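J.: Here's a sequence, model it:
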Amino acid sequence: MSAPTSPTTPEFSGIPLDRRTDYYRVFADTAGADLEWWQKARDFCAQARPHVNKAWEQADYHIASLEDAARHGLVRDAIDIDGEPAMSVRANRLIQMELARWDASTATAVGVQASLAMQSINAFGTEPQKAKYLAPMSRMDIRGAFALTEPNHGSDSIALETSAVPAGDGWVLNGEKRWIGQGSVGHITVVYARRDDGQVGAFLVDQDAPGYEAETITGKASLRGVPQAHITLDDVHVPEQNRLPGCRSFRDTAKVLMGTRIGVAWSAFGIGVDCYEKAVAYASQREQFGRPLVQNQIIQQRLSDMLMDLTAMALYCRRLLELEESGAMTETQAALAKVHNTRAARRVAANARDLLGGNGILLEHDVIRHFTDIETLHTYEGTDTMQSLIVGKSITGVGAFTS
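T.: Prediction:
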């Protein structure tokens, strides 16, 4: 039995979400270049889909897919690149959602490359540094990593121990970093380290530099399609020309992280979209006791519950977008959205997995991959607890991070 057709309206002509998914038509006004970018991302994902589950199952980094995404112009994070068409903030967020709707590992890899490594260079680098790195990185000719988290400093990353000491015509870096996407399979790593004056600096480190050792972390049960590394820096010399001079404090770093937290909220929405749509399609086609699952009251209630979460996620994303476009976004607003959307996506994924029954654990249905991947999104770029405490401080005026 085929899935029932959904109502259509003129507003949804060409939109890569149907009305049953975008129930409040939150994105129905997407048009022009933004719609073209969204559809380009949708087309790329449809073409690359056959590789996803195999790469995830084998913990294989399918770099060819990332290079293909770059050829489609999707590895940008709305950064202006000479000779490339403009990409708005809105288009970028829709691309992030669409990539995660397809595969959170790929969305994460693009986030590491563009939202973290490229944005660090774009925000803190000199014009020659931007000219040298940004265009090649947007083509994936240069793969980058972003190294802030340390083995003993995740949530309290402001306490980072990695040191940068002046030495001759540059700096010497010592320390360790952990959970660094592309840190073992890239070309450069943006390393954040504490300078001798106590402030934070950012340094472009070649991954083949003497003293830079990176080991891919194995045994992951989530985001298996993107490698993350444990990095050891042992007297790594970095020339002064590879320091990003615009990074002077941890507050500068936080500006980059705020953008990625917004991206996580959009990615969680994308995961929720695919889980919900897979659940609707499965329940429409699957027959038990002589009738489709969708004819059962409990199934309709469960789908309604999923849609409530999905609609809330969409509304969060839309308001975030308006704030971001106007330049009025705050750290606490990004934190609230990150917490809400990852929690909601976990519920949607869990409902979808359960609704699919035994088939819900098969990769061919995609849901179990989303079910495990959302666990990482729930944790990275600031854990649920830390983001909640950021919001709590804004409510009460009292910091409770160490109590």
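
J.: got any ranges where the stretch 301-403 of the chain has weak pLDDT?
T.: Residue ranges of the stretch 301-403 of the chain with pLDDT under 70: 402-403.

J.: ok, now with 80
T.: 401-403 (pLDDT under 80).

J.: mind listing what the nearest residue to His72 once chain neighbours are set aside touches?
T.: Leaving aside its sequence neighbours, His72 sits nearest to Phe44 (C-beta to C-beta, 6 or more residues apart in numbering; 4.7 Å). The way it works is simple: take the backbone N, C-alpha and C, and place the C-beta from them, glycine included. Applying C-beta atoms under 8 Å, 6 or more residues apart in numbering, we find Phe44 in contact with Asp68, Ala69, His72, Leu74.

J.: got TSV for these, with pLDDT, neighbour count and distance to Arg318 too?
T.: Shown next, in TSV, are the contacts of Phe44 (pLDDT from 0 to 100; neighbours: other C-beta atoms under 10 Å; distance: C-beta to C-beta, whole Å):
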residue	pLDDT	neighbour count	distance to Arg318
Asp68	93	16	29
Ala69	95	25	25
His72	94	16	25
Leu74	97	26	21
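
J.: Looking at these, which is nearest Asn152?
T.: Ala69 (34.1 Å; C-beta to C-beta).

J.: Check which helix or strand that closest one maps to.
T.: Per DSSP states H and E: Ala69 is located in helix 63-71.

J.: which helices and strands sit right next to that helix?
T.: Packing partners of helix 63-71 (3 or more C-beta pairs under 8 Å, 6 or more residues apart in numbering; DSSP states H and E): helix 32-48, helix 104-110.

J.: Just the mean pLDDT for the helix or strand just after that helix, thanks.
T.: Later in the chain than helix 63-71, the nearest helix or strand by DSSP H and E is helix 89-102. Mean pLDDT, helix 89-102: 97.

J.: Report the residue ranges of every domain in this structure.
T.: According to automatic domain parsing, the chain comprises the domains 10-138, 144-249, 251-396.

J.: and the longest one, how far from the chain's centre?
T.: It stands for domain 251-396. 13 Å (C-alpha atoms, centre = their mean, to the nearest Å).

J.: Begin at 8 from now on, thanks
T.: Got it, the first residue is 8 from now on, which makes the last one we talked about domain 258-403.

J.: hang on, the earlier thing: and the helix holding Ala76, what's buried?
T.: Ser72, Leu73, Asp75, Ala76, Ala77 (16 or more other C-beta atoms under 10 Å).

J.: Also stretch 336-354?
T.: In stretch 336-354, residues buried by neighbour count (16+ other C-beta under 10 Å) are 336, 338-354.

J.: what ranges do the helices span in the stretch 258-407 of the chain?
T.: 304-333, 338-362, 374-386, 391-403 (DSSP state H, counting those that start in this stretch).

J.: Give the buried residues for the third one.
T.: Neighbour-count burial for helix 374-386, counted by 16+ other C-beta under 10 Å, picks out Val374, Ile375, Arg376, His377, Phe378, Thr379, Asp380, Ile381, Thr383, Leu384, His385, Thr386.

J.: got it, and the first one?
T.: Across helix 304-333, burial judged by 16+ other C-beta under 10 Å covers 306, 309-310, 313-314, 316-321, 323-325, 327-328, 330-331.

J.: what's the answer for stretch 399-409, then?
T.: Gly399.

J.: Also stretch 27-47?
T.: 27-29, 33-35, 37, 41-42, 44-47.

J.: what does stretch 391-398 give?
T.: Neighbour-count burial for stretch 391-398 [16+ other C-beta under 10 Å]: Met393, Gln394, Ser395, Leu396, Ile397, Val398.

J.: what's the closest of the residues you listed to Pro158?
T.: Nearest member of these to Pro158, counting by C-beta to C-beta, is Met393, at 17.4 Å.

J.: quick revisit: format the buried residues of helix 374-386 as a markdown table; extra columns: distance to Ile187.
T.: Converted to a markdown table, the buried residues of helix 374-386 look like this (distance: C-beta to C-beta, whole Å):
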| residue | distance to Ile187 |
| --- | --- |
| Val374 | 29 |
| Ile375 | 26 |
| Arg376 | 22 |
| His377 | 24 |
| Phe378 | 25 |
| Thr379 | 20 |
| Asp380 | 18 |
| Ile381 | 21 |
| Thr383 | 14 |
| Leu384 | 17 |
| His385 | 19 |
| Thr386 | 15 |
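
J.: which one among the residues you listed gets closest to Ile269?
T.: Leu384 (12.7 Å).

J.: what's the closest one in contact with, if anything?
T.: Contacts of Leu384 (C-beta under 8 Å, 6+ apart): Ala111, Val271, Ser274, Ala275, Ile278, Thr349, Ala352.

J.: same check, this time on Pro234
T.: Per C-beta under 8 Å, 6+ apart, neighbours of Pro234: Ala66, Tyr68, Gly188, Gln189, Gly190, Ser191, Val192, Thr223, Ile224.

J.: Now do it against Leu264, distance only.
T.: 21 Å (C-beta to C-beta, to the nearest Å).

J.: Ile368 too?
T.: Distance from Ile368 to Leu264, by C-beta to C-beta: 34 Å.

J.: which of these two has more neighbours?
T.: Taking other C-beta atoms under 10 Å, Ile368 and Leu264 do not tie; Leu264 has more neighbours (20 against 12).

J.: The more buried one and Gly389 touch, don't they?
T.: Yes: counting by C-beta atoms under 8 Å, Leu264 sits close enough to Gly389 to count as a contact (7.3 Å).

J.: The stretch 158-307 of the chain: strands as residue ranges?
T.: Assigned by DSSP state E, counting those that start in this stretch, the stretch 158-307 of the chain shows strands spanning 170-174, 177-188, 195-202, 207-213, 219-223, 235-246, 250-251, 294-295, 298-299.

J.: Which of the ones you listed comes out lowest on mean pLDDT?
T.: strand 294-295 (a mean of 82).

J.: what lines up beside it in the sheet?
T.: The pairing partners recorded for strand 294-295 under DSSP bridges are strand 298-299 (antiparallel).

J.: what's the spacing between Leu167 and Ala154?
T.: Leu167 is 10 Å from Ala154, by C-beta to C-beta.
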